[in-house]
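S.K.: Prediction below, plus the sequence it came from.
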Amino acid sequence: MAYDYCVVGGGIVGLATAMKLLEIQPGARLVVLEKEAGLRRHQTGHNSGVIHAGIYYAPGSLKADLCRRGSKATKEFCWNHRIPFETCGKLLVATNELELQRMNNLVERAKLNQIEVERLDAADLRQREPNIIGVGGLFVPETGIVDFKRVCEGMAGVVRKVGATIELGVTVTAISESDSAVKISAGGREWQATKLIVCAGLQSDRLARMAGLKTDHQIVPFRGEYYRLPSSKNDIVRHLIYPIPDPDLPFLGVHLTRMMDSVTVGPNAVLGFAREGYPKFSFNLHDVAEYSTFPGFWKTILRNIQHGLKEMKNSIFKAGYLEACRKYCPKPRNRRSSALRGWHPRPSSDEGRHPCARFFVPGNCPHAPRLQCTVTCRYLRHPDRRNDRGENRWSLTQALCLELGNKDGLQRSYGNQALILKAWGRLKDAMALLKKVESLALELGDKGQLAEKPCSAR
Ligand SMILES: Cc1cc2nc3c(=O)[nH]c(=O)nc-3n(C[C@H](O)[C@H](O)[C@H](O)COP(=O)(O)OP(=O)(O)OC[C@H]3O[C@@H](n4cnc5c(N)ncnc54)[C@H](O)[C@@H]3O)c2cc1C
């Protein structure tokens, strides 16, 4: 069968791309090809599950913009598909004077990025998080947590529902292009599509080369190791707890992450020896030979040598690992239970820098490698379909409902909007909408039937 679109990759980026294409072009013939026996088996299934608010990013940058909008779009998607998420907020903890200064810079950034933050002194910090110590803190209420595996399931459901196909166990091995179509081969099978979108995560550079694209970038895999605390420690923190990041380092530092079902410590970022090997000592000769003969790799390593060696040491000698966390949370001891791992693919250029332009659409988006789950729901949106806060869609629905006299629909739309506004912290606006919901409910004679509450939003 000839398709309009073929999407390679069944992670969150591939599925969100497929979903969006089908929304923009209803009825399009679309196939998603995934090499594993199930969806979201790689990065999307091995991450911290944080819906980032985007506090760190340079104001005006694409990364800042995508993150701010992506966070809202992700929550909205979860709401509409009854996927539990929690807006539990994130606390950045300063443990010394230098970090306090860095924290003040972050306050300025947050203002410019239009992200609400609350500055805490040592006493406020203790009161809010009794197990955390520091000289000050910054609370970011909008940060949330979700299980991105469930978000993927939701997206796959939408894709299948409109008649598109998801094929599993298909490893794309060749791509060739003619004037009118792209031929995609996997083993003995072939697919033809007018357009091909590759969202192959850790393999995206290889697929780019397979398609005959010239690229001067290559994926260098960094392993992110976490430790899940025993379930008795699930209440150790109320929020996500992060150190104040060192602006000279590419990662955020070891943090305490409240996940939907547990608390994890990590991740670190250690150079890996296999792109998709999850057991600790995985080794793939092809992967290592490929990056070690790539000049950009050595430049990256030399630039970060001190930090890299420390991360490796802490990965081998586990006592050092928790030391970074004990700086602000003395509680976790060596009684950590299961270890979890994920892969940070760092696209590295010939010059050993992380590129600032997208290099293979949208398989790996260097604007957002660390938060790609968060931004996915946003960077695939049509800019003209809604404004920053998604309010165009609501006002359109509400205008239509008013015109058609559909009070029931109007009530639901106000209710959903109120819940989202509440999750964003716009309590006054949310209350005003809930009043409208109530008066409509009175008119409709079903006072009790207010907005549905598919998930919690504190
Ligand atoms: C340790 C860690 C923590 C993170 N924490 C967060 C977080 O808290 N919040 C956040 O927003 N983001 C986070 N991220 C980032 C986020 O998880 C990733 O950016 C995102 O999951 C990338 O999705 P993807 O679809 O591009 O890649 P993947 O999920 O890796 O999907 C790519 C898919 O392509 C398939 N594929 C590859 N080659 C082929 C082929 N030849 N043929 C067919 N299929 C192929 C793979 O099997 C895979 O399923 C984290 C990442 C890591 C590593």
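M.R.: Arrived safely, thanks for sending.
S.K.: give the contact list for the residue in the chain that the ligand sits nearest to.
M.R.: The ligand sits closest to Gly11 of the chain, with a gap of 2.1 Å, by C-beta to the nearest ligand atom. To be clear about C-beta, it is placed using only N, CA and C from the backbone, and glycine gets the same treatment. Applying C-beta atoms under 8 Å, 6 or more residues apart in numbering, one finds that Gly11 lies in contact with Leu39, Arg40, His42, Gln43, Thr44, Cys152, Cys199, Gly201.
S.K.: Tell me the bridge partners for Ile219.
M.R.: Beta bridges link Ile219 to Pro347, judged by DSSP bridges.
S.K.: Now do it: how many residues are near it, please.
M.R.: Counted with other C-beta atoms under 10 Å, the neighbours of Ile219 add up to 25.
S.K.: tell me, which of the contacts of Gly11 make contact with the ligand?
M.R.: Arg40, His42, Gln43, Thr44, Cys199, Gly201 (C-beta under 6 Å from any ligand atom).
S.K.: Tell me which of these fall in helices.
M.R.: Among those, no member falls in helices (DSSP state H).
S.K.: Restricted to buried residues, select those in ChimeraX.
M.R.: Remark: buried members of the ones next to the ligand among the contacts of Gly11, expressed as a ChimeraX selection using 16 or more other C-beta atoms under 10 Å:
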select :40,42,43,44,199,201
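S.K.: can I get the ones next to the ligand among the contacts of Gly11 in CSV with pLDDT?
M.R.: Shown next, in CSV, are the ones next to the ligand among the contacts of Gly11 (pLDDT from 0 to 100):
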residue, pLDDT
Arg40, 94
His42, 92
Gln43, 90
Thr44, 93
Cys199, 93
Gly201, 90
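S.K.: In a markdown table: the ones next to the ligand among the contacts of Gly11, plus distance to Val220.
M.R.: Listed next are these as a markdown table, based on distance: C-beta to C-beta, whole Å:
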| residue | distance to Val220 |
| --- | --- |
| Arg40 | 22 |
| His42 | 16 |
| Gln43 | 14 |
| Thr44 | 20 |
| Cys199 | 19 |
| Gly201 | 14 |
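S.K.: Point out the ones among the ones next to the ligand among the contacts of Gly11 that are inside strands.
M.R.: For those, not one is inside strands, with DSSP state E as the criterion.
S.K.: out of the ones next to the ligand among the contacts of Gly11, who's nearest Asp65?
M.R.: Cys199 (20.6 Å; C-beta to C-beta).
S.K.: so how far is Arg29 from that closest one?
M.R.: 18 Å (C-beta to C-beta, to the nearest Å).
S.K.: could you list every residue that touches Val146?
M.R.: Val146 neighbours (C-beta under 8 Å, 6+ apart): Gly49, Ile51, Thr74, Cys78, Ile83, Pro84, Phe85, Glu86, Met260.
S.K.: Apply 6 Å and report the result again.
M.R.: Contacts here follow C-beta atoms under 6 Å, 6 or more residues apart in numbering; on that basis Val146 touches Gly49, Ile51, Phe85.
S.K.: Same check on Ser232?
M.R.: Per C-beta under 6 Å, 6+ apart, neighbours of Ser232: none.
S.K.: what's across from the closest residue to Leu125 other than its chain neighbours in the sheet?
M.R.: If the residues on either side of it in the chain are set aside, Leu125 comes closest to Gly137, at 4.5 Å by C-beta to C-beta, 6 or more residues apart in numbering. Note on Gly137: beta-bridge partners by DSSP bridges are Val93, Leu120.
S.K.: The ligand contacts on the stretch 1-150 of the chain?
M.R.: Counting by C-beta under 6 Å from any ligand atom, the positions of the stretch 1-150 of the chain adjacent to the ligand are 8-14, 33-36, 40-44, 47-50, 52.
S.K.: ok, back up a step: where's the residue of the chain closest to the ligand relative to Gly169, distance?
M.R.: 15 Å.
S.K.: Then Gly201?
M.R.: To Gly169, Gly201 is 17 Å away according to C-beta to C-beta.
S.K.: tell me the SS of Leu91?
M.R.: Classification of Leu91 using DSSP: H, G, I helix; E, B strand; the rest coil returns strand.
S.K.: same check, this time on Trp191
M.R.: Following three-state DSSP, Trp191 is assigned to strand.
S.K.: Pull the contacting residues for it.
M.R.: Applying C-beta under 6 Å, 6+ apart, the residues near Trp191 are Cys6, Ile184.
S.K.: Let me know how buried the residue lying closest to Leu240 once chain neighbours are set aside is, in neighbour terms.
M.R.: Of all residues not flanking Leu240 in the chain, Lys90 sits nearest, at 4.2 Å (C-beta to C-beta, 6+ apart). Residues within reach of Lys90, counting by other C-beta under 10 Å, total 25.
S.K.: ok, the closest residue to Glu443 other than its chain neighbours to Ser178 distance?
M.R.: Of all residues beyond its chain neighbours, the one nearest Glu443 is Lys407 (6.4 Å), with distances taken as C-beta to C-beta, 6+ apart. Distance of Lys407 to Ser178, given as C-beta to C-beta: 55 Å.
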